[in-house]
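Enquirer: Based on what follows, work out the 3D shape:
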Amino acid sequence: MEGIQCRPDGSTFMEISKMPFRPIPDLVPRLDIVKTLTPMASALFARWVENERPAQTFATLRDTRLPRPVSGQLRLPDAHAPIESAAV
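Expert: Numbering: from 1, shown residues only. As a prediction, this is how the structure comes out:
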């Protein structure tokens, strides 16, 4: 990190372009380590994807339903009418 943090440049704001990264050596793990960690990383990634789907569904529902009552498009008496007619 010290090697990266000492490379920013810029007059308006500090930035790091790709040129200063070229002399930084790559760290490549041994193949046995990659083979050991790949199944664990794959399982974690699959779990993350599985957990992301309901989160996206809830976010979509929130974004489509919440603005109506907050903006005044849906009044409380208006919301009760469909519920009461469905109960009959």
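Enquirer: Output the contacting helices and strands for the helix or strand containing Thr36.
Expert: Assigned by DSSP states H and E, Thr36 belongs to helix 31-65. Under the contact criterion of 3 or more Cβ pairs under 8 Å, 6 or more residues apart in numbering; DSSP states H and E, helix 31-65 touches no helix or strand at all. From N, CA and C alone the C-beta is placed, and that goes for glycine too.
Enquirer: Can we start the residue count at 6 from this point?
Expert: With 6 as the first residue, the last one maps to helix 36-70.
Enquirer: burial of Gln61, as a residue count?
Expert: By the measure other Cβ atoms under 10 Å, the count of residues near Gln61 is 9.
Enquirer: So which bits of the helix holding Thr41 are buried?
Expert: Of the residues in helix 36-70, none is buried under the neighbour-count criterion (16 or more other Cβ atoms under 10 Å).
Enquirer: quick one: average pLDDT of that helix?
Expert: Across helix 36-70, the average pLDDT comes to 91.
Enquirer: export stretch 33-53 as PDB, just CAs?
Expert: C-alpha atoms of stretch 33-53 as PDB (Å, rounded to 0.1, in the frame of the first residue of the first chain):
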ATOM      1  CA  VAL A  33       0.900 -14.600  -8.300                       C
ATOM      2  CA  PRO A  34       0.000 -17.400  -5.800                       C
ATOM      3  CA  ARG A  35       1.300 -20.900  -6.300                       C
ATOM      4  CA  LEU A  36      -1.100 -23.200  -8.200                       C
ATOM      5  CA  ASP A  37      -1.700 -25.500  -5.200                       C
ATOM      6  CA  ILE A  38      -3.000 -22.500  -3.200                       C
ATOM      7  CA  VAL A  39      -5.200 -21.400  -6.100                       C
ATOM      8  CA  LYS A  40      -6.600 -25.000  -6.400                       C
ATOM      9  CA  THR A  41      -7.300 -25.000  -2.600                       C
ATOM     10  CA  LEU A  42      -9.000 -21.600  -2.400                       C
ATOM     11  CA  THR A  43     -11.000 -21.800  -5.600                       C
ATOM     12  CA  PRO A  44     -13.800 -24.100  -4.300                       C
ATOM     13  CA  MET A  45     -14.100 -21.900  -1.200                       C
ATOM     14  CA  ALA A  46     -14.200 -18.700  -3.200                       C
ATOM     15  CA  SER A  47     -16.700 -20.200  -5.600                       C
ATOM     16  CA  ALA A  48     -19.000 -21.300  -2.800                       C
ATOM     17  CA  LEU A  49     -18.900 -17.800  -1.200                       C
ATOM     18  CA  PHE A  50     -19.600 -16.100  -4.600                       C
ATOM     19  CA  ALA A  51     -22.500 -18.500  -5.300                       C
ATOM     20  CA  ARG A  52     -23.900 -17.600  -1.800                       C
ATOM     21  CA  TRP A  53     -23.500 -13.900  -2.500                       C
END
